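Asker: From the sequence below, what's the structure:
(2 chains)
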Amino acid sequence: MSDFEAILKAYEQAGGDPRFLRSPRIASLVVSGNKVLGANEVPGVKMEAEELPNGVRARIEVAPNTHLDYPVHLCFGVIPAEGLQEIYPEFEIGEGAKVEFIAHCTFPNAVKVKHLMEAKIRVRKGASMRYGETHYHGEVGGTEVLPKAEIAVEEGGRLTTTFSLTHGRVGKLEFDYLVDVAAHGVAELVAKAYGYGNDDIVVKETVRLNGEYARGLAKSRIAVRERARSEVIGVTEGNAPFTRGHVDCIEIVRDEAVASAIPRVYVGDDRARVTHEAAIGSVAKKELETLMARGLEEKEAVDVIIRGMLAK
Amino acid sequence: MQKDTLLQVEDLHLTRNGKEILRGVNLAVREGEIHCLLGRNGSGKSTLAYTLMGCEGYTPNRGGITFDGQDITGLSITERARMGITLAWQEPARFEGLKVSDYLALGMKEPSRERMEEALAAVALSPATYLPRAVDDALSGGERKRIELAAVYAMRPRLAILDEPDSGIDVLSIDDIARLIRRMATEGTTVLLITHRDETVPVADMASLMCEGEIVRNGDPKDVRSYYARRCLPCEVVGRHRGDRT
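Answerer: Okay, here's the model as predicted:
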């Protein structure tokens, strides 16, 4: 099997549809280890990718006022059981452009794999970017993933990111996104993870609302069971007049797992408003018993409840 | 035609937080019957429902529950459900992110879109609108109760315990509930209908009246209803200890 076929298979395991990575009408970037296996540009989307000793540096530019019919598909993976992958992507979304990215990161055979991503994202004035990243780490728990992003949303820009690691083992996750939002801009960061075994999850989301009327949401949905551990740090700052921010964290904890949440809100202008809600607890007894009264075992019922929470 | 007893409750006692709530309940529900359990708020009806379902914290101190000839007193909720017993809660739980279609399918042996649509239509909800929605806080209390009834109907259980399906705002009308319950019975489900509203009683084949944790009357629904209207509704004893009765 060629490297390209192997990564496509892994991409499918992670929930992606390989047809998108083969289509010439759809912009895509495929990276396995430190090899760029495919980079397909479409009008309005320019891609540059440079192979590094342990990964890839990539620059993706969306021209001003480009509105794409199809999402841009990104696939990053490591197929061997051991390896290091460092990805340094830069996203430049031009003024008034509107684009969606669907990224899948897959390490299906990971026994000892480290994946580091340090992204820089700039959403220019009036542009809109949706970025969804789904991970699949196999069933061993030998993956260490460190996704980090520094994001700037310019005036009137809009950004939504969703990070999801809800199938297979997590291993070790240290998620750290920081977004600066200018006037009238909007940023929503969503992170979801489901850990078990001895998985270790740290999610840090920081939203800095720096311009008038900027709005932001830092949302997390985390579930841990067995001996897994999770820590969520949600930071929202209202640094300008009429900014509105919210931190929304729900964590479900079962068995001997441990969860903590640290919402931090900061208001630097008396016309700003930032709120937070954090709830950590077990599955509600009534929810559990309702599903058991339909014939589900307790474990199955817990799984249904957790997957529902993570799906939202 | 003499029907076999499906559910038999004998001398059931239950104490919660130091208070005896069920004080020797005796009840027999025959297979295929619609049995109405009538009683004022606080008489122990819901506690009996949770005890029959095997909910946590509702283990009887004394007495037993037999279903289809088998002692189920020590069985878990799941085991009881797999024998064909289910419960529609008075205030049903909500599930973030769980679609109505998935929720309905959970209890069905062979999930089918057709059965789900039929179940929602039976509670006067549009399948096209509600199947993709989540069973969460965005639903009103009435919508949620209807979906709960639809889920029980879709499941085709042997015994459906319906706890106050007629209470709350935006619930089905008494006529609609009666129609749904008759439909369940026609499809082979025995129904234990719990209510404090005497106008719901006529749908039943048999009725029992509960007061202060005991079944105090049992028999023809008309007689039980009449007794309830004359003697129970004006009564001020409910909620006080039996020893306080004069």
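Asker: tell me the contacts of the residue positioned nearest the centre of chain A?
Answerer: When Cα atoms, centre = their mean is applied to chain A, the residue found nearest the centroid is A:Phe163 (1.9 Å). A:Phe163 is in contact with A:133, A:135, A:147, A:175, A:177, A:190-193, counting by Cβ atoms under 8 Å, 6 or more residues apart in numbering or on different chains. Just so you know, the C-beta spots here come from the backbone N, C-alpha and C atoms, and that holds for glycine as well.
Asker: State the three-state secondary structure for it.
Answerer: Following DSSP: H, G, I helix; E, B strand; the rest coil, the label given to A:Phe163 is strand.
Asker: Read off the pLDDT value for it.
Answerer: What the model reports for A:Phe163 is a pLDDT of 96.
Asker: B:Gly239 now?
Answerer: 50.
Asker: May I have the beta-bridge partners of the residue nearest to the centre of chain A?
Answerer: Per DSSP bridges, the residues bridged to A:Phe163 are A:Glu133, A:Ala191.
Asker: and the residue nearest to A:Met292 when sequence neighbours are not counted, how many residues sit next to it?
Answerer: Distance criterion Cβ to Cβ, 6 or more residues apart in numbering or on different chains; nearest residue to A:Met292, sequence neighbours excluded, is B:Ile77 at 4.1 Å. Using other Cβ atoms under 10 Å in any protein chain shown, B:Ile77 has 28 other residues around it.
Asker: got a pLDDT number for B:Ile77?
Answerer: 98.
Asker: how about the helices in chain B?
Answerer: Ranges of helices within chain B are B:45-53, B:77-83, B:100-106, B:113-122, B:127-130, B:141-155, B:174-186, B:221-227, based on DSSP state H.
Asker: Show me what the mean pLDDT comes to for the longest one.
Answerer: In this case it means helix B:141-155. 95.
Asker: Kindly report the same for the first one.
Answerer: Throughout helix B:45-53, pLDDT has a mean value of 97.
Asker: and that helix, what does it pack onto?
Answerer: Counting contacts by 3 or more Cβ pairs under 8 Å, 6 or more residues apart in numbering or on different chains; DSSP states H and E, helix B:45-53 packs against strand B:5-16, strand B:19-30, strand B:34-39, strand B:85-88, strand B:159-163, strand B:190-195.
Asker: chain center to the fourth one, what's the gap?
Answerer: Here strand B:85-88 is found 7 Å from its chain centre; the criterion is Cα atoms, centre = their mean, to the nearest Å.
Asker: Mind listing the strands it pairs with, and their directions?
Answerer: strand B:159-163 (parallel).
Asker: mean confidence for the strand it pairs with?
Answerer: 97.
Asker: okay, the angle between that strand and helix B:174-186?
Answerer: Angle between the axes of strand B:159-163 and helix B:174-186 is 160 degrees (criterion: axes from the mean of the first three to the mean of the last three Cα atoms, to 10 degrees).
Asker: Show the contacting residues for A:Arg307.
Answerer: A:166, A:194, B:97.
Asker: buried stuff in stretch A:233-243?
Answerer: Buried residues in stretch A:233-243, counted by 16 or more other Cβ atoms under 10 Å in any protein chain shown: A:233-240, A:242-243.
Asker: just checking, which of the residues you listed belong to helices?
Answerer: Among the buried residues of stretch A:233-243, no member is found in helices (DSSP H).
Asker: tell me the two of these that are most distant?
Answerer: Pairwise distances across these peak at 25.7 Å for A:Ile233 and A:Phe242 (criterion: Cβ to Cβ).
Asker: who in chain A is up against chain B?
Answerer: By Cβ under 8 Å from any Cβ of the partner chain, the part of chain A that sits against chain B consists of A:284-287, A:289-298, A:304-305, A:307-312.
Asker: Just the buried residues of those residues.
Answerer: Counted by 16+ other Cβ under 10 Å, the residues of chain A next to chain B give A:287, A:289-296, A:304-305, A:307-311 as buried.
Asker: now for the helices and strands packed on helix B:45-53, which one comes closest to A:Arg264?
Answerer: Nearest of these (Cβ to Cβ): strand B:5-16, 41.6 Å.
Asker: Return the list of strands paired to the closest one, each annotated with direction.
Answerer: strand B:19-30 (antiparallel), strand B:62-67 (antiparallel).
Asker: okay, the ones you listed in JSON lines with distance to A:Phe20 and mean pLDDT next?
Answerer: JSON lines is the format used below for the strands paired with strand B:5-16 (distance: least, Cβ to Cβ, whole Å; pLDDT from 0 to 100):
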{"stretch": "strand B:19-30", "distance to A:Phe20": "57", "mean pLDDT": "96"}
{"stretch": "strand B:62-67", "distance to A:Phe20": "53", "mean pLDDT": "97"}
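Asker: State the mean pLDDT of stretch B:193-200.
Answerer: Rounded mean pLDDT across stretch B:193-200 is 94.
Asker: give me every residue that touches the spatially most central residue of chain B.
Answerer: Per Cα atoms, centre = their mean, the C-alpha nearest to the average position across chain B is that of B:Leu162, at 2.2 Å. Residues near B:Leu162 by Cβ under 8 Å, 6+ apart: B:87-88, B:149, B:152, B:181, B:191-194.
Asker: make it 7 Å
Answerer: With contact taken as Cβ atoms under 7 Å, 6 or more residues apart in numbering or on different chains, B:Leu162 is in contact with B:88, B:191, B:193-194.
Asker: From the contacts of A:Phe163, pick the one nearest A:Leu217.
Answerer: Closest to A:Leu217, out of all of those and judged by Cβ to Cβ, is A:Val190, at 7.9 Å.
Asker: in the stretch 51-200 of chain A, which spans are strands?
Answerer: Remark: strands assigned in the stretch 51-200 of chain A by DSSP state E, counting those that start in this stretch are A:55-62, A:72-77, A:82-93, A:98-106, A:112-123, A:128-136, A:143-153, A:158-167, A:172-181, A:186-195, A:200-209.
Asker: Turn the ones you listed into TSV, including distance to A:Leu8.
Answerer: TSV is the format used below for these (distance: least, Cβ to Cβ, whole Å):
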stretch	distance to A:Leu8
strand A:55-62	17
strand A:72-77	8
strand A:82-93	17
strand A:98-106	10
strand A:112-123	18
strand A:128-136	13
strand A:143-153	20
strand A:158-167	18
strand A:172-181	25
strand A:186-195	25
strand A:200-209	28
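Asker: buried sites along stretch B:193-201?
Answerer: For stretch B:193-201, a neighbour-count test (16+ other Cβ under 10 Å) marks B:193-196, B:198, B:200-201 as buried.
Asker: Out of those residues, the closest to chain A would be?
Answerer: The nearest member of the buried residues of stretch B:193-201 to chain A, counting by Cβ to the nearest Cβ, is B:Ile194 at 14.7 Å.
Asker: List the beta-bridge partners for the closest one.
Answerer: Assigned bridge partners for B:Ile194, using DSSP bridges, are B:Leu37, B:Asp163.
Asker: how much space between it and A:Met292?
Answerer: 19 Å (Cβ to Cβ, to the nearest Å).
Asker: try A:Gln13
Answerer: To A:Met292, A:Gln13 is 31 Å away according to Cβ to Cβ.
Asker: Measure how the lowest-mean-pLDDT helix or strand in chain A sits relative to strand A:98-106, angle-wise.
Answerer: Here the helix or strand of chain A ranked lowest by mean pLDDT, DSSP states H and E is helix A:3-13, holding a mean of 84. Put simply, helix A:3-13 runs at 100 degrees to strand A:98-106, going by the same axes, to 10 degrees.
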